[in-house]
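> The following comprises the amino acid sequence and a computationally predicted model.
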Amino acid sequence: VTPRPAILVNGVPAKHVAADDRGLHYGDGLFETIAVIAGEPRRWMRHMARLESGCARLGIPTPDTGAFLDDARTLCAGRDRAVLKLIVTRGRGGRGYRPPSAPQPTRIAVCSNWPEWPARIADEGARVRYCRMRLGRNPVLAGIKHLSRLEYVLARAEWGNEYDEGLLRDDAGNVVEGTVSNVFAVSRGALYTPDLSQCGVAGIMREAVMEQAQRLGLAVHTRPMTRDDIAQADELLLTNSLHEVWPVTQLEKQHYGVGPLTRRLMESLRHE
Ligand SMILES: Cc1ncc(COP(=O)(O)O)c(C=O)c1O
């Protein structure tokens, strides 16, 4: 039996990409991290829509999403639970920042094992801290899931296993997101999530939670949020495509309960 490949580069099993790829040199590209359940990528259309809009914003030719779906099926068929990471770079690029006039994007698909988070997090909630690292504001790059992630790498290096996630603020002090998640606060029955027009990644689960909340008749407000707004929240939750919704029960020294609205969202999204 031929072992199933774990990585495809432009549709071909491979372990390497070209050393002159612009993704490696400049972070010139985008990625998606997708949950695979029973062999099928979850929320595929949303992920492809974000990838396509990111490519349009960076001027990278739109990838063939059908070819990506073929990659996904080749890598993930028969896997009960897995993580699929898709990367598009502007391709091989000679020397210098100047983008090639006719870029030939590189398409990379990687399938990995499902991470084993402690069951405690879903049941009892995540333990969260504030990161010292601040996100720089740049509306041109805000929202998209581009490959230039040094701020997040350094933020995640700030702690080990004692916390489940770290919250990031921007250089003006506004709370933006977690290192791998978006954040929602519940106050007096309404949901609030930080505005991402200056920095941060507009998550697929953030979008799914906002739509689900509206279906449940809950008000959702997007606006700049301060540390005080977070401190005064009745409930706090984090969203990410892999773990979906995590309640937060501890943020630094402050404790929150796993609230009714968080439970309602967790339950209803499971059946989405
Ligand atoms: C910085 C950042 N923010 C938010 C998210 C959540 O995005 P999604 O819901 O698309 O998984 C991620 C996911 O990895 C992330 O890295």
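Received the coordinates, thanks. Residues are numbered from 1 along each chain as shown.
> So residue 32 belongs to a helix, correct?
No: counting by DSSP: H, G, I helix; E, B strand; the rest coil, residue 32 is not part of a helix but strand.
> okay, it: pLDDT?
Looking at residue 32, its pLDDT reads 98.
> in the stretch 101-250 of the chain, what residue is nearest the ligand?
Per CB to the nearest ligand atom, the residue of the stretch 101-250 of the chain with the smallest distance to the ligand is residue 203, at 2.7 Å. C-beta here means a position set from N, CA and C on the backbone, and glycine is covered the same way.
> what's that residue in contact with, if anything?
Residue 203 sits next to 177, 181, 182, 239, 240, 241 when contact means CB atoms under 8 Å, 6 or more residues apart in numbering.
> Out of these, which sit inside strands?
177, 182, 239, 240 (DSSP state E).
> wait, the third one sits on residue 210?
Read it as residue 239. No: using CB atoms under 8 Å, residue 239 is not in contact with residue 210; the gap is 9.5 Å.
> For the lowest-mean-pLDDT helix or strand in the chain, what is the distance to the chain centroid?
One helix or strand of the chain scores below all others by mean pLDDT, DSSP states H and E: helix 119-124, with a mean of 85. The chain centre lies 20 Å from the centre of helix 119-124; the measure is CA atoms, centre = their mean, to the nearest Å.
> So which bits of that helix are buried?
Of all the residues in helix 119-124, those buried under the rule 16 or more other CB atoms under 10 Å are 121, 122.
> on contacts alone, who are the packing partners of it?
Helices and strands touching helix 119-124, by 3 or more CB pairs under 8 Å, 6 or more residues apart in numbering; DSSP states H and E, are strand 244-251.
> Just the CA atoms from the strand it packs on would do, formatted as PDB, please.
Provided in PDB are the C-alpha atoms of strand 244-251 (Å, rounded to 0.1, in the frame of the first residue of the first chain):
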ATOM      1  CA  GLU A 244     -14.800  26.500  17.500                       C
ATOM      2  CA  VAL A 245     -15.900  28.200  20.700                       C
ATOM      3  CA  TRP A 246     -13.900  28.200  23.900                       C
ATOM      4  CA  PRO A 247     -15.400  29.800  27.000                       C
ATOM      5  CA  VAL A 248     -12.800  31.900  29.000                       C
ATOM      6  CA  THR A 249     -13.000  31.300  32.700                       C
ATOM      7  CA  GLN A 250      -9.800  33.100  33.700                       C
ATOM      8  CA  LEU A 251      -8.100  36.200  32.400                       C
END
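> What's the mean pLDDT across that strand?
96.
> What strands line up against that strand, and which way round?
strand 126-135 (parallel), strand 235-240 (antiparallel), strand 254-255 (antiparallel) (DSSP bridges).
> What lies in contact with that strand?
By CB under 8 Å, 6+ apart, strand 244-251 touches 121-122, 124-130, 164-165, 167, 181, 205, 209, 230-231, 235-240, 255-259, 262-263, 265-266, 269-270.
> Ok, stretch 181-192 next?
Contacts for stretch 181-192 (CB under 8 Å, 6+ apart): 165, 167, 175, 177, 193-194, 200-203, 205-206, 209-210, 213, 218-223, 225, 229-230, 232-240, 243, 246, 259, 261-262.
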